[in-house]
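Participant: I'll drop the sequence and a predicted model, then ask my questions.
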Amino acid sequence: MTSSKFTALAIGQRFALRGKYYVKTSPLLARAEDSGQSQVIARSAYVDLLDAAAVSQITRGPAHAAVDTLYSAALTCMEELAHSCAAPAQALTHAREQLDKAHQRALAQLDKDN
């Protein structure tokens, strides 16, 4: 596994820290994949990347930035809606996985077009 400082991760990128899996949701916050709880992560913390290929996809141009911004907004809205409706953790995990896959496909298509 590749390690990196938390600050180097893109919003939406998955990582492991102390045996738990997270998704970065803001510059200082991450959401635990198992419980959906948000947690503050120190900027200096080293984390294990679960999607090492995503490191090279961190905002390379305006189109990549637009896709990342859309992904971040969709992730935030999805989480807020799931929590307000008290959605089961499995449903939120499944929806997050689908959104992550769509995000990766969009970035891959941008890479192909360049």
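Facilitator: Received the coordinates, thanks.
Participant: what about the nearest residue to Ala45 once chain neighbours are set aside, neighbour count?
Facilitator: Beyond its immediate neighbours in the sequence, the residue positioned closest to Ala45 (C-beta to C-beta, 6 or more residues apart in numbering) is Phe6, lying 4.7 Å away. Every residue, glycine included, has its C-beta placed from N, CA and C. A total of 20 residues lie near Phe6 under the criterion other C-beta atoms under 10 Å.
Participant: could you do the one 5 residues further on as well?
Facilitator: Residues lying near Ile11 (other C-beta under 10 Å) number 20.
Participant: assumed it was part of a strand.
Facilitator: No. Under DSSP: H, G, I helix; E, B strand; the rest coil, Ile11 sits outside any strand and is assigned coil.
Participant: so who does it touch?
Facilitator: Residues touching Ile11, when contacts are defined by C-beta atoms under 8 Å, 6 or more residues apart in numbering, comprise Lys24, Thr25, Ser26, Asp68, Tyr71, Ser72, Leu75.
Participant: just confirm the fourth one contacts Gly12, I think it does.
Facilitator: Looking back up the chat, that one is Asp68. Yes. With contacts defined as C-beta atoms under 8 Å, Asp68 counts as touching Gly12 at a distance of 7.3 Å.
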